[in-house]
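Asks: how would this look folded up:
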Amino acid sequence: MNAQTLNGPDAPRGCPVAHGGAELARLYGPDAATDPQAIYERLRKEHGSVAPVLLEGDVPAWLVLGYRESRRVLDNPSQFPRDARTWRDWQEGRIAETSALIPMLAWRPDCVSQDGEPHRRLRGAVNDVLQAAVGRGIRRHATHFANKQIDGFAADGRADLVADYADYVPMLVMSRVLGLAEAQGRRLVEACSGVLKGGAEALVHDGVIREILRELVERRQSEPGSDLASDLLEHHAALDHDEVVDHLRMVMIAAAVTTNLLARVLGLVLTDTSRLSGLIGGQLNISAVMEEAMWNSPPLSVLPGRFAAGDVELGGHRIEGGDLLVLGLAPGNFDPEIRPDTHVSVAGNQAHLAFGSGPHECPGQSMGQSMIEIAVDVLLHRLPGLRLAVEADELTSTASTWESRLDRLPVEFPV
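Replies: Numbering: from 1, shown residues only. Coordinates of the predicted model:
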């Protein structure tokens with residue numbers, strides 16, 4: 001499917017690609033990978049707070065760029081449900097079963113994909129089991145795996161804090177919480193990252209995640225333990241096998257997103273000596289640095305996805321029933337209507353979009369923040385004299401449709 005086809009007379013009803021008759025911006029490919037922020041700002045100038053775009057495979061969608069518009073969509077599931085079974089392009093067979101969008105957008109039997117009473121039932125179970133996991137010592141697990149990762153490079157005097165540290169600590173912690181062996185957790189690092197990157201291998205990576213989690217659930221059905229998988233199986237909401245697997249998958253994808261936030265927080269700390277000294281000396285709290293990261297580089301740049309329940313006006317555009325909307329968390333946080341001066345401190349302001357909003361707001365945000373707090377604290381105390389090994393302007397990022405990740409964060413430290 002290409003832009004030319006979609007702009008022709010056979011373009012589907014409401015297809016945003018037909019907007020204005022011009023070929024639209026793609027949220028994937030070389031330009032989007034290197035400078036997504038420039039694309040967001042160009043779209044804002046051309047279209048306002050909502051813009052027609054193409055996702056992988058030239059699938060049409062509306063990108064919500066405005067802060068207020070994003071909040072309207074997120075806070076109104078009856079008008080903008082999450083249930084992908086209402087997606088017109090899916091219903092009418094224009095989305096291939098092999099599409100790289102499937103792992104992030106397709107309907108699944110989890111609380112993310114449902115609204116109303118089914119969502120309340122499943123979300124209640126997730127909230128309960130995550131709270132139980134916190135009670136079992138999430139901070140202890142985070143301390144253990146942070147130290148274990150540091151042990152692997154502490155004698156070298158140098159490391160890449162993305163590949164050697166941030167990519168692993170949250171994933172290993174959540175693998176332990178789920179009830180997985182560490183080796184399986186390390187396999188999940190690559191698989192979850194592959195789903196978020198999209199591309200031709202996204203479905204293969206998603207299959208690896210599901211295989212590992214199906215085996216875990218089958219094992220816990222006969223051998224329950226003190227872990228999240230067992231808690232979901234035993235919860236009074238009576239989740240079936242597939243519901244448990246998909247909620248465990250949801251938790252692991254969230255952990256993969258947390259790895260990105262950890263890398264961004266470490267980047268902020270190491271590119272500003274005043275932040276670094278403030279954290280080491282106790283004058284600065286890590287939560288303030290996390291707030292800054294969640295405003296300026298949220299771990300998910302674009303949140304998938306919502307679907308218009310009926311024809312509606314949003315940001316001056318006519319959105320038709322069944323249209324796909326994706327939420328621009330990164331551009332929304334920079335919306336000049338609510339943040340005209342991006343140099344003004346965001347300290348104490350938790351109104352960012354990084355965790356979403358409304359009924360589907362991230363249920364594990366406090367757990368993720370706790371893991372990051374521990375990971376940063378352990379790192380700074382284990383490696384006194386830690387410093388960036390390159391100039392700050394040498395750090396680069398690569399973006400997919402959904403996120404922008406630091407490529408590397410090279411550091412040096414005395415041994």
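
Asks: only C-alpha atoms for contact and neighbour calcs from this point on.
Replies: Noted.

Asks: Contact partners for Gly157?
Replies: When contacts are counted by C-alpha atoms under 8 Å, 6 or more residues apart in numbering, Gly157 is found next to Glu412, Phe413, Pro414, Val415.

Asks: With Phe80 instead?
Replies: Contacts here follow C-alpha under 8 Å, 6+ apart; on that basis Phe80 touches Val73, Leu74, Arg306, Phe307, Ala308, Ala309.

Asks: Tell me if Arg306 really is in a strand.
Replies: Yes: in this structure, Arg306 lies within a strand as judged by DSSP: H, G, I helix; E, B strand; the rest coil.

Asks: What is the burial count for it?
Replies: Arg306 is flanked by 27 other residues according to other C-alpha atoms under 10 Å.

Asks: and it, bridged to which residues?
Replies: Leu325 (DSSP bridges).

Asks: Return the distance of it relative to Thr401.
Replies: In this structure, Arg306 and Thr401 are 15 Å apart, going by C-alpha to C-alpha, to the nearest Å.

Asks: all helices for the stretch 1-150 of the chain, in order.
Replies: Assigned helices in the stretch 1-150 of the chain, in chain order: 3-7, 30-34, 36-47, 67-74, 88-91, 102-105, 116-135, 138-151 (criterion: DSSP state H, counting those that start in this stretch).

Asks: so what pLDDT did Ala3 get?
Replies: The per-residue pLDDT reported for Ala3 equals 33.

Asks: for His343, that is, sorry about that
Replies: Reading off the per-residue confidence, His343 sits at a pLDDT of 85.

Asks: which residues does Gln37 contact?
Replies: Contact analysis of Gln37 by C-alpha under 8 Å, 6+ apart lists Pro331.

Asks: Could you rerun that using 6 Å?
Replies: Applying C-alpha atoms under 6 Å, 6 or more residues apart in numbering, we find Gln37 in contact with no residue.

Asks: cool, and Val64?
Replies: Listed by C-alpha under 6 Å, 6+ apart, the contact set of Val64 reads Val50, Leu327, Gly328.

Asks: Please tell me how far the closest residue to it other than its chain neighbours sits from Leu213.
Replies: Excluding the flanking residues, the one nearest Val64 by C-alpha to C-alpha, 6 or more residues apart in numbering is Val50, at 4.5 Å. Summarising the geometry, the distance separating Val50 from Leu213, computed by C-alpha to C-alpha, is 37 Å.

Asks: on that earlier part again, wait, which of the helices of the stretch 1-150 of the chain is closest to Pro224?
Replies: Pro224 sits nearest to helix 116-135 of all those, at 14.2 Å, using C-alpha to C-alpha.

Asks: now that closest one against helix 138-151, angle please.
Replies: Using axes from the mean of the first three to the mean of the last three C-alpha atoms, to 10 degrees, the inter-axis angle of helix 116-135 relative to helix 138-151 is 70 degrees.

Asks: what pLDDT, on average, does helix 116-135 get?
Replies: Within the predicted structure, the mean pLDDT of helix 116-135 is 95.

Asks: Point out the other helices and strands that that helix packs with.
Replies: Using 3 or more C-alpha pairs under 6 Å, 6 or more residues apart in numbering; DSSP states H and E as the contact criterion, no helix or strand is in contact with helix 116-135.

Asks: Alpha carbons of that helix, in CSV - could you do that?
Replies: Listed in CSV are the C-alpha atoms of helix 116-135, where the atom choice follows Å, rounded to 0.1, in the frame of the first residue of the first chain:
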residue,chain,number,x,y,z
GLY,A,116,-15.8,-0.3,30.0
GLU,A,117,-16.6,-3.2,32.3
PRO,A,118,-14.1,-5.6,30.7
HIS,A,119,-11.4,-3.0,31.3
ARG,A,120,-12.4,-2.5,34.9
ARG,A,121,-12.3,-6.2,35.6
LEU,A,122,-8.9,-6.7,34.1
ARG,A,123,-7.3,-3.4,35.3
GLY,A,124,-8.4,-4.2,38.8
ALA,A,125,-6.5,-7.5,38.7
VAL,A,126,-3.4,-5.8,37.3
ASN,A,127,-3.5,-3.2,40.0
ASP,A,128,-3.8,-5.8,42.7
VAL,A,129,-1.0,-8.0,41.5
LEU,A,130,1.4,-5.0,40.9
GLN,A,131,0.7,-3.8,44.4
ALA,A,132,1.5,-7.3,45.8
ALA,A,133,4.7,-7.3,43.8
VAL,A,134,5.8,-4.0,45.4
GLY,A,135,5.1,-5.6,48.8
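
Asks: how about it: buried residues?
Replies: Of the residues in helix 116-135, those buried under the neighbour-count criterion (16 or more other C-alpha atoms under 10 Å) are His119, Arg121, Leu122, Arg123, Ala125, Val126, Val129, Leu130, Ala132, Ala133.
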